[in-house]
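1. Sequence and computational prediction follow.
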Amino acid sequence: MSEFAGRVAVVTGAGSGIGRALARDLAGRGARLALSDVDKDGLAETVASITGAEVRSDALDVTDRAAVLAYADEVVGQFGRVNQVYNNAGIAFAGNVLTSEFEEIERVVDIDFWGVVNGTKAFLPHLIASGDGHVVNVSSLFGLLSVPSQSAYNAAKFAVRGFTESLRQEMLVARHPVQVTCVHPGGIRTGIARNAARGKGFEDGAAMERFDRQMLRMSPEKAASIILAGVRRNRARVLVGNDAKVLDAVVRLLGSAYQRPFAAVAGRTLR
C-alpha cells in the first residue's frame, strides 16, 4: 500500500480497459487520481465507479501537445505534485503496409507513440521535483514481436519500448529520483481489437473479431494488478500474461527466425 497510498497518479486512457482498471485499483490502494480520456462518457463511467478517492477527470487528446503540457501544470496546481504517470492511452489498427493510407499509419503513431512522448515530457520535470517519481509507459506484446497487418501498431509500440528503455537509463545516469517501467500486455480482454480502425481488406472486421475471441483472455483487472505489482517492485519491464512471457521467450530464442512461423500462424488468424 505504501507505494501508492497518498501518491498522485495520472492515468491516460482511463475511460475503459486497462486504464479504467488501473484507476480503480490505484483508488483502492489510496492513490489520488488525475484521470483523462477522449471518451467523455467512458471517463464519466470510470469516475462513477470509484469511491473514497480524490479524483480529477479531464477530456484530453494525448496528441494535442499544448493541451497535454497545460494539463500537467493544472494537475500539479491542484494536487501540489505528481508521483506516478501511466501513459496508457492507445488505439489499434489492422491494415497491410501496401494498402494502408499514410494518414491511417500516422494516426496510430500519433496516439500510441507521440501520446506517450507528450505525457512523459509534460510530467517528467514534475516527477523529478516530487522526489519520488515513476513513469509507466504501456507498450504491448507487439512491442516485442511483429505480425502481419500490425505494422503501424508494431512501429508505435516498438518505439514506446525504445523510448522508455532509454529514458530509464537516462534517469539512472542523471541520478534523478524517477523510476521507469515499460509494460507489455499480452491478450487482455478489452475493446481495443473490436474498436480498431481497419484498412483496405479488413473492412468487415472478421479478422479482428477472431483475434478478439481467440487471443484476448486476461481481464483488465488482473492486468492492472500485475502492472502495479511491477511498479511496486520498480521493474524495468512488465510482461502481462503467460502469452507475453512465452512469446517473448520464443523471440529471444529464435531471433529473427521467429518471423516465418509467426507469419504462418498470423496468416490463418488474421485473414
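-> That came through, no problem. Numbers count the residues shown, from 1 in each chain.

2. Show the low-confidence segments of the stretch 101-250 of the chain, by residue range.
-> 191-196, 203, 205-216 (pLDDT under 70).

3. can you give me the helices in the stretch 51-200 of the chain?
-> Listed in chain order, the helices of the stretch 51-200 of the chain (DSSP state H, counting those that start in this stretch) span 65-79, 102-109, 115-130, 151-174.

4. Could you tell me the end-to-end distance of stretch 143-154?
-> Start-to-end span of stretch 143-154 (Cα to Cα, to the nearest Å) is 6 Å.

5. Quick check: the gap between residue 190 and residue 101.
-> Separation of residue 190 from residue 101 (Cβ to Cβ, to the nearest Å): 25 Å. Heads up, the C-betas are built off the backbone N, CA and C, glycines and all.

6. More neighbours: those two, which one.
-> residue 190 (22 against 11; other Cβ atoms under 10 Å).

7. you'd agree that one is up against residue 18?
-> Yes: between residue 190 and residue 18 there is a contact under Cβ atoms under 8 Å: 6.4 Å.

8. hang on, the earlier thing: for the helices of the stretch 51-200 of the chain, which one sits closest to residue 11?
-> Closest of the helices of the stretch 51-200 of the chain to residue 11 is helix 115-130, at 10.1 Å (criterion: Cβ to Cβ).

9. Check the gap between residue 221 and residue 62 for me.
-> Distance from residue 221 to residue 62, by Cβ to Cβ: 23 Å.

10. Which residue of the two possesses the greater neighbour count?
-> residue 62 (27 against 16).

11. Tell me where the stretch 151-271 of the chain has strands.
-> 178-185, 197-198, 237-240 (DSSP state E, counting those that start in this stretch).

12. name the helices or strands packed onto the last one?
-> Packing contacts for strand 237-240, counted by 3 or more Cβ pairs under 8 Å, 6 or more residues apart in numbering; DSSP states H and E, involve strand 178-185, helix 220-232.

13. wait, isn't residue 148 in contact with residue 260?
-> No: judged on Cβ under 8 Å, residue 148 makes no contact with residue 260 at a distance of 11.6 Å.

14. So between those two, which is more surrounded?
-> Taking neighbours as other Cβ under 10 Å, residue 148 and residue 260 compare with residue 148 leading, 19 against 9.

15. Surely residue 54 touches residue 33?
-> Yes: counting by Cβ under 8 Å, residue 54 does reach residue 33; the two are 6.9 Å apart.

16. With neighbour numbers in mind, choose between the two.
-> residue 33 (25 against 14).

17. Phi, psi for residue 22 please.
-> phi -60, psi -50 (degrees, to the nearest 10).

18. can you check residue 80 too?
-> Dihedral angles (degrees, to the nearest 10) for residue 80: phi 90, psi -20.

19. Now for it, how many residues are close by?
-> Residues near residue 80, counting by other Cβ under 10 Å: 10.

20. Neighbours of the closest residue to it other than its chain neighbours, how many?
-> In this structure, residue 80 finds its nearest non-sequential neighbour in residue 8, 7.7 Å apart by Cβ to Cβ, 6 or more residues apart in numbering. For residue 8, the count of nearby residues is 22 (other Cβ under 10 Å).

21. Next: residue 189.
-> 17.

22. just residue 261 next, same as before
-> 11.

23. Also the one 4 residues further on?
-> Counted with other Cβ under 10 Å, the burial measure for residue 265 works out to 11 neighbours.

24. contacting residues around the residue nearest to residue 80?
-> Neighbouring residues of residue 8 by Cβ atoms under 8 Å, 6 or more residues apart in numbering: 31-34, 75, 79-84, 130.

25. closest to residue 162 among those?
-> Nearest to residue 162 among the contacts of residue 8, with distances taken as Cβ to Cβ, is residue 84, at 21.7 Å.
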